[in-house]
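# the following comprises the amino acid sequence and a computationally predicted model.
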Amino acid sequence: MYLKSLEISGFKSFAKKATLNFNSPISAIVGPNGSGKSNVAESFRFVLGEQSIKSMRGKRGEDLIFNGGAGPGSAGIAGAGGGAGRANRASVKVVFDNTPQRDKGGQRALNIDFDEVTIERIVHRDSSNEYLINGSAVRLKDIAELLAGAHIGASGHHIISQGEADRILSANIRERREMVEDALGLKIYQYKKDESTRKLEKTEENMKSVESLRREIAPHLKFLKKQVEKVEKVQEMRDSLRALYREYFKREDIYVKEERTAVDSEKHAPTHELKTLDHELASAKARLAESKNRDAKSDELIAIEGKLAGIRAHKDALSRDLGKIEGEISAGERTILKEREKQSRDEFKTVYLKDVEAVVRKIEDLESISDIRALFTEVKKLLTGFINQHKTADTNGIGSTIGEIEKDITQLKHQKSELESAFKKAIHDEQTLHEEYNQLRQKIEKEKDVDRDAEKNVFRIIARQNELRGILAALKNREDRLVLEEESLKRELQEAYALVGREAMDYDTLELAPEAGRVAQEDRRKQIEKIKIRIEDSGAGNSLDIMKEYKEVEERDAFLARELEDLEKSRISLTALIADLDARLDHEFKEGILKINTQFQNFFSLMFGGGTAELAVVREKKRKKRSDTDLGAVLDMDMSDVDGESAGGDSEEEGREGIDINVNLPRKKVKGLMMLSGGERALTSIALLFAISQVNPPPFIILDETDAALDEANSRKYGDMVENLSKLSQLILITHNRETMSRAGILYGVTMGSDGASRLLSIQFDEAVRVAK
Ligand code: ATP
């Protein structure tokens, strides 16, 4: 026994709570027209999740709520009268026995781990719905899934409403297929398939959006990657720059310090020397100033020179005069000699040899001027004695001439002697002056030498000073350059700090092999400049930001890739699942059809005493094609009108699978559903419904006046079938049929009072027969 009870409260005509217990395989609900019996069937639809208000004879959810006794559309037989107040909500609760079923391998009918399952639905005036399973709020979907497992879904193949007995006959092939699928319990597969298809669609959609997201970020990622590569390259450059900087700074520091010390010490000696030279120069200059006296001495020298020249000229004149006088004397003496010769020749005046020899001797003995003078006196005496001796004998005039000449000679000689002493004096004077001159000149020369030395010294000092100034200037240059180098070192340190951080400054502990000259250091500096330019040129922005962004974007991309992989996996598994479900659906559907057909044939021939009936799985075909086929197909064509896929066109293209019904009544030539009478239609429907229910019995079946069109004989057959069916499914029969009522174990009577509210009571068969009328 699966269906335990139903509790209706505020639903449609059931103003007050009414409970139906179904503890019999067949329950019948009876009552007069309009008392609310069909509302009971609809309450089942409602609680099982029916979404079509129309199928529950309403327009809005509100119409399902008890609207008060005088509510519109109220056609209760009790007529008007003080109606009950309208309800705010309608609630229906159905209780299932869900204990494990022995005949089904201990499985529970509803896939939920409770022995008793209560499903409740509440609708409010604002049309909002609440669904509950065992008192817990759930979604409609949860209820649908739970019920589909027990094939009592909302499609309602097991709830046949009033006048709907032949619904399965009048449905189109696709609707029919759905009903059969539902009845065969394949809805669960369908649900799963639909869900999987939805998931697949969603998955594919997600894949597309993930792919497009990846495509969207791809160029950015590529750009960032390049940036990052650049940043890394720059990082490498920075590292080598840092190392280079450290060595450079260390060496520069050493150089600057050493250079400073060197310049300072090198400056010391020349500065000192220069100071000493200043003093020396001053004294040398002072010495030079003294040389002014020299000019006075020069003047004196010139004066002496003048005097000397005068004396020499006087001496020369004396010499000339002496020569002239001597010439005159010698000429006079020659004349005298000539005269005397003349006399001797004439008179043989002789000069004794001894006398002459004495004279000669005396002349030969001449040694000095005084000797000459003595000789002269001797000679004169001799000669005068000679002349006097001979004069007496000379009387012709000659003697007088000689005398005169001699007189002249004597005068001349006197003059000569005067000249000679003058001459002597001149020579003496010259000698004296000359000596004086030489002495003065020597003095002057000596002084000149002293001056020259002083001058030389001045020049030397000045030259040395210049040299020293040159050295100092060079040192100053070096110092200036050093200052510049020190400043540039400071600047470079700051720059390095900004470029590669403080590590560049940690060079103190660095041990370096000494290096000669500045060439290598200069190369190092050039190298640093080169790297700096390359770093600048690289244009790498804020590296930290870029790395961060790259990492984020890369992670996002990786995440998306993983997402895509996952999605692809689930796409594959969903596709497989759908294919599997399709296969199972197809297989079980075809199996089910075969089983239904056996039962259908049985029930049909039972109802009609023969004939054939079967369900045929067909594909929807095109109008034209179908218009040539049999009547069943024609009928089917009309039914499948709604199917867009089959409308229009001439091709042989096949549509979706559906179910066709082929019937052959015994002893009748006509075929097809169209040709059936109302009763025959009802019987065929019942046969099919029962056949379906037989193959896959739902826990319960509600039949609302399905038996209305049956005559007595068929009512009995119907009753037999019902009883037969009740062995498999619990039956709730709404009926006016006496025969049907007689088969029920429980009878409920529904009446409607003057308040417009349905009332429910459990009754006996006799009463039921009465109540039903
Ligand atoms: P029949 O035997 O003729 O088929 P029935 O017993 O099946 O009749 P129902 O169709 O179930 O009768 O009941 C219809 C009754 O329910 C009507 O009287 C109608 O006024 C009443 N009814 C329907 N909806 C509401 C509502 N929301 N509030 C009050 N009464 C309602």
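That came through, no problem.

# all helices of the stretch 501-650 of the chain, in order?
Listed in chain order, the helices of the stretch 501-650 of the chain (DSSP state H, counting those that start in this stretch) span 519-538, 543-608, 623-627, 631-639.

# so which of those helices gets nearest the ligand?
helix 543-608 (24.1 Å; C-beta to the nearest ligand atom). (C-beta placed from N, C-alpha, C; glycine too.)

# packing partners of that closest one?
Applying 3 or more C-beta pairs under 8 Å, 6 or more residues apart in numbering; DSSP states H and E, we find helix 543-608 packed against helix 173-183, helix 187-290, strand 612-619, helix 678-695, helix 712-725.

# same for the last one, what does it pack against?
Read that as helix 712-725. Under the contact criterion of 3+ C-beta pairs under 8 Å, 6+ apart, helix 712-725 touches helix 543-608, helix 678-695, strand 730-734, helix 738-743.

# now do it: distance to the chain's middle.
84 Å (C-alpha atoms, centre = their mean, to the nearest Å).

# for the shortest one, same thing?
Here strand 612-619 shows a centroid-to-chain-centroid distance of 69 Å under the convention C-alpha atoms, centre = their mean.

# what comes up buried for it?
For strand 612-619, a neighbour-count test (16 or more other C-beta atoms under 10 Å) marks T612, A613, E614, L615, V618 as buried.

# what angle separates that strand from helix 543-608?
Here the directions of strand 612-619 and helix 543-608 differ by 160 degrees (axes from the mean of the first three to the mean of the last three C-alpha atoms, to 10 degrees).

# name the strands paired with strand 612-619 and say parallel or antiparallel.
Strand pairing for strand 612-619, determined by DSSP bridges: strand 657-664 (antiparallel).

# residue ranges with poor pLDDT in the chain?
Applying pLDDT under 70 to the chain picks out residues 1, 69-84, 153-156, 291-294, 343-352, 389-399, 539-542, 621-655, 670, 771-773.

# can you rerun that using 50?
1, 71-82, 624-653 (pLDDT under 50).

# closest point of it to the ligand, which residue?
N33 (3.0 Å).

# mind listing the helices for the stretch 1-150 of the chain?
Under DSSP H, counting those that start in this stretch, the stretch 1-150 of the chain gives helices at 37-47, 140-148.

# contact partners of the last one?
Helix 140-148 has contacts (C-beta atoms under 8 Å, 6 or more residues apart in numbering) with 48-49, 51, 110-112, 117, 119, 121, 129, 131, 133, 153-154, 185, 187-188, 191.

# what residues of that helix count as buried?
For helix 140-148, the neighbour count (16+ other C-beta under 10 Å) marks D142, I143, A144, E145, L146, L147, A148 as buried.

# by how many degrees do that helix and helix 37-47 diverge?
110 degrees.

# quick one: helix 140-148 to helix 173-183, angle?
Using the same axes, to 10 degrees, helix 140-148 lies at 70 degrees relative to helix 173-183.

# tell me which helix or strand comes right after helix 140-148.
Using DSSP states H and E, the helix or strand that follows helix 140-148 in sequence is strand 159-160.

# and A422, how far from E515?
In this structure, A422 and E515 are 96 Å apart, going by C-beta to C-beta, to the nearest Å.

# how about E116: which residues does it bridge to?
D97.

# one more: the one 4 residues further on?
When bridges are assigned using DSSP bridges, the partners listed for E120 are K93, L132.

# I figured it hits F46, correct?
No: using C-beta atoms under 8 Å, E120 makes no contact with F46, being 10.5 Å away.

# shared neighbours of the two, anything?
V92.

# tell me if K668 really is in a helix.
No: membership of K668 in a helix is not supported by DSSP: H, G, I helix; E, B strand; the rest coil, which gives coil.

# need phi/psi at it.
Here the main-chain torsion angles of K668 (degrees, to the nearest 10) amount to phi -130, psi 140.

# now swap in E164 and tell me
Backbone geometry at E164, expressed as degrees, to the nearest 10, gives phi -110, psi 10.

# residues contacting the residue nearest to it when sequence neighbours are not counted?
In this structure, E164 finds its nearest non-sequential neighbour in D704, 7.5 Å apart by C-beta to C-beta, 6 or more residues apart in numbering. Each residue near D704 by C-beta under 8 Å, 6+ apart is listed here: K37, S38, A41, I159, I160, S161, Q162, E164, I734.

# near the ligand, from these?
K37, S38, Q162 (C-beta under 6 Å from any ligand atom).

# what number of residues lie near the closest residue to the first one other than its chain neighbours?
In other words, K37. Leaving aside its chain neighbours, K37 sits nearest to I734 (4.7 Å; criterion: C-beta to C-beta, 6+ apart). Using other C-beta atoms under 10 Å, I734 has 26 other residues around it.

# give the contact list for I734.
By C-beta under 8 Å, 6+ apart, I734 lies in contact with A28, I29, V30, K37, S38, V40, A41, Q162, I702, L703, D704, E705.

# now with 7 Å, please.
I29, K37, S38, V40, A41, D704, E705 (C-beta atoms under 7 Å, 6 or more residues apart in numbering).

# residue ranges for the strands of the stretch 1-150 of the chain, please.
In the stretch 1-150 of the chain, the strands defined using DSSP state E, counting those that start in this stretch lie at 3-9, 18-21, 26-30, 89-97, 116-124, 129-133, 136-138.

# contacts for the shortest one, please.
To tie it back to what came earlier, the one meant is strand 136-138. E130, Y131, L132.

# which one of the residues you listed sits in the busiest neighbourhood?
Y131 (19 neighbours).

# that one and S715, how far apart?
Going from Y131 to S715 by C-beta to C-beta gives 39 Å.

# next one: S5
S5 is 29 Å from S715, by C-beta to C-beta.

# name the residue in those two with the higher neighbour count.
When neighbours are counted by other C-beta under 10 Å, S5 and S715 differ, and S715 comes out ahead with 18 against 15.

# for that one, which non-adjacent residue is spatially closest?
Among residues not flanking S715 along the chain, E739 sits closest, at 4.1 Å (C-beta to C-beta, 6+ apart).

# that neighbour contacts R716, doesn't it?
Yes: counting by C-beta atoms under 7 Å, E739 touches R716, with 5.9 Å between them.

# sorry, back to before: check contacts around the residue nearest to S715.
Counting by C-beta under 7 Å, 6+ apart, E739 has contacts S715, R716, G719.

# which bits of the stretch 151-300 of the chain sit near the ligand?
Q162.

# for R759, helix, strand, or coil?
strand.

# mind pulling up the phi and psi values for the nearest residue to it once chain neighbours are set aside?
Nearest residue to R759 in three dimensions, chain neighbours excluded: T751, at 5.1 Å (C-beta to C-beta, 6+ apart). Dihedral pair for T751: phi -130, psi 160, per degrees, to the nearest 10.
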